[in-house]
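**Q** sequence first, predicted coordinates after that:
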Amino acid sequence: MAERLLSDEQMRLYLIDELNPFLGCEIERSDLIFSLKKAGAPSSIISHSIKFISDNLSDAVVTKRPVTLNVEKAVSILKNLKIEVAVNKPTQEKMMMKRENDIFQSEQTGEIELSIESINAANDPALTSYVKTSSFADVQRQLKVKNPVNVYIYGETGLGKTTSVLSAAKQAGRVVIRVPISYFTEVDDLFGGLRLVNGTMVYNKGPAVLAMELGAILLLDELDRINPQVATELFPVLEHRGYLIKKLNKMVYPKPGFCVFATGNSRGKGDLTGKYNTQLLDSALLDRFEIAIPFESPTESELIEIITSSGFELSEDIVNHLAAWHKQVKKSYEAGAVNDIISTRKILTVAKTFSNNNVKSAVGSKPINALRDSLSILDDDLSKAFIELWKMMAKEYESQGTQLAENNKDGGIDVF
C-alpha cells in the first residue's frame, strides 16, 4: 500500500498528539523524529513533519543547532494555528477513486475502511485458468450448494488445494479472505485486536470478522498447523453463529453465504509420514466441517492438460514424457520404492526449467541438467532416483521410436 499523505491540518493535529508527552520539556527535533520512526510513521509523514516544523514553529525554537523546541510553546502555537483548507475538486475525485481500490485508516478514529477488491484473494491476477480435475470438481460443487458448508481439503503438498478454492471462487464470483495458519498464529491474527491510534485504543477487525460481515469465504491455509488454544476460538464461527469480540463485548453475526474452507497436509490426525510439521486436530474442530475432500494427484491425462495450459513452450513429446514420468514416480511411491513423490507444483517447476533451457528432447544432457536444477531441493538420493527413472524411460522411449521407424521403413507397420 502506498504511504499516506497528511494535509497540513492533519499534520497540525498529529504533531500536537506526538508532542504532548514531552510537555514541560525542551526536545531536539532529531529526538522527535526518532520517536516518530519508533512509532512506525512512514517516511512521507516524517519528511512532512520536518518541513511543517520549519515553516510554522520558528518561535518555539530554543536553539538552531541542533534544532531544539520548547514543547509547551510549540503545542500552544499549534493549537492556535489556523490553516485554510483549499478545496480541490479534481483531487477529491481522485481520492474517491483511490478509496475504491485501497485500504484507508481514519486519522480521527483509527478505524480501517476496506474495499472488497483490496482483500479478495480470488482477485489474484495469476489465477488465469484451472484444469477441472476430479478434485477441483468436488470443490466447485461445494461452492454451489444451497446452504453453505464448511469444507476441509487435505492431501500432499503442491497438488493445488489452495489454488482450487481461489479459482473456483473466482469463477463463482465469490469473495475469499485467505489466512495462512501456523502454530504461532494468534487469536488477534484471526479476529483482530486493539491498537493505540492518536492516543485512543481502537479495535481493528481481523480477517475472520471481515469474512463474516461480508458473507465471504474464509480460507484457512494449513489448518493442521494451528495452535489448539486458537482453534477453540473457531468453534462458534464454524457453527455459523455469532462470535463475541471479547475486547468490545460485542457480537458479530455472519451474513448469508459465509463459510469456511480449510486446507491441510493431513486428515487432522497428525502426519504419519514425518514430512509435515502438523498438529493433531481436535475432533470437536473437525466435526464442525460438514465436508472433507481428499485432494488427489491428477491423472496422466489431467497432468498433460495442466502442463499444456501453464503457458510454457514445450513440445508435445516433452509434455507427454513429463506426465508419464510423474505417473511412474507415483507408482514407485505407492509401492514403497521411494519415500516421497513429485508434486504437481514440482512438475510445473520442471516444465518451467525445461522451457527456460529450451529442452526439446527427453534424451541427452540438457533435460538431465534441467532436472538436477529443478530437483535440487530434494534429498540427493531421492533426486538421483527420480533422474535415473527419467533416463531409463527416455532410453526406452527412444528405442521404441527407433524400432517404429525401422518397421515403417521396411513396410511392416503403417503409421497413422
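**A** Everything's here; your move. Numbers count the residues shown, from 1 in each chain.

**Q** so what's residue 240 up against?
**A** 148, 254, 258, 259 (C-beta atoms under 8 Å, 6 or more residues apart in numbering). Where you see a C-beta, it was placed from the backbone N, CA and C, and this is true even at glycine.

**Q** strands of the chain, start to end?
**A** 26-28, 61-64, 67-70, 103-105, 112-114, 151-154, 176-180, 192-197, 200-205, 217-221, 243-245, 250-252, 259-264, 291-294 (DSSP state E).

**Q** low-confidence ranges in the protein?
**A** When residues are selected by pLDDT under 70, those of the chain lie in 1-6, 84-115, 197, 199, 270-275, 398-416.

**Q** what residue spans form the domains of it?
**A** Here the domain parsing of the chain from automatic domain parsing is 8-86, 120-294, 300-408.

**Q** single out the most deeply packed of these.
**A** domain 120-294 (a mean of 18; mean count of other C-beta atoms under 10 Å).

**Q** residue 17 and residue 76, how far apart?
**A** Distance from residue 17 to residue 76, counting by C-beta to C-beta, to the nearest Å: 15 Å.

**Q** now the contacts of residue 240 in a markdown table, with distance to residue 54?
**A** Converted to a markdown table, the contacts of residue 240 look like this (distance: C-beta to C-beta, whole Å):
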| residue | distance to residue 54 |
| --- | --- |
| 148 | 57 |
| 254 | 52 |
| 258 | 51 |
| 259 | 55 |
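
**Q** name the nearest of the residues you listed relative to residue 131.
**A** residue 259 (24.2 Å; C-beta to C-beta).

**Q** so what's that closest one closest to, chain neighbours aside?
**A** residue 148 (3.8 Å; C-beta to C-beta, 6 or more residues apart in numbering).

**Q** look up how far residue 195 lies from that neighbour.
**A** 32 Å.

**Q** how about residue 389?
**A** From residue 389 to residue 195 the distance is 54 Å (C-beta to C-beta).

**Q** over to residue 281?
**A** The value you get for residue 281 to residue 195, if C-beta to C-beta is used, is 31 Å.

**Q** and what of residue 299?
**A** Taken as C-beta to C-beta, the span from residue 299 to residue 195 is 50 Å.

**Q** hmm, residue 212 is touching residue 258, no?
**A** Yes - using C-beta atoms under 8 Å, residue 212 is in contact with residue 258, at 5.4 Å.

**Q** okay, and the common contacts of those two?
**A** residue 218.

**Q** can you tell me how far residue 65 sits from residue 29?
**A** 11 Å.

**Q** next one: residue 276
**A** 53 Å.

**Q** how about residue 234, what does it touch?
**A** 190, 208, 220, 260, 285, 288.

**Q** doesn't residue 217 make contact with residue 174?
**A** Yes - under the contact definition of C-beta under 8 Å, residue 174 touches residue 217, with a separation of 5.7 Å.

**Q** which residues are common contacts for these two?
**A** residue 143.

**Q** just the contacts of residue 234 now: which is nearest residue 358?
**A** Nearest to residue 358 among the contacts of residue 234, with distances taken as C-beta to C-beta, is residue 220, at 41.0 Å.

**Q** which residues does the nearest residue to the closest one once chain neighbours are set aside contact?
**A** Of all residues not flanking residue 220 in the chain, residue 262 sits nearest, at 4.2 Å (C-beta to C-beta, 6+ apart). Each residue near residue 262 by C-beta under 8 Å, 6+ apart is listed here: 150, 151, 152, 153, 219, 220, 221, 223, 289.

**Q** let me have these in a markdown table, extended by distance to residue 141.
**A** Shown next, in a markdown table, are these (distance: C-beta to C-beta, whole Å):
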| residue | distance to residue 141 |
| --- | --- |
| 150 | 15 |
| 151 | 10 |
| 152 | 15 |
| 153 | 13 |
| 219 | 17 |
| 220 | 20 |
| 221 | 21 |
| 223 | 21 |
| 289 | 16 |
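
**Q** among the residues you listed, which one sits closest to residue 40?
**A** Using C-beta to C-beta, these come closest to residue 40 at residue 221, 26.9 Å.

**Q** can you tell me who the closest one pairs with across the strands?
**A** residue 180 (DSSP bridges).

**Q** do I have it right that it meets residue 166?
**A** No - using C-beta under 8 Å, residue 221 is not in contact with residue 166, being 10.4 Å away.

**Q** name the residues contacting each of these two.
**A** Joint contacts of residue 221 and residue 166 (C-beta under 8 Å, 6+ apart) are residue 178.
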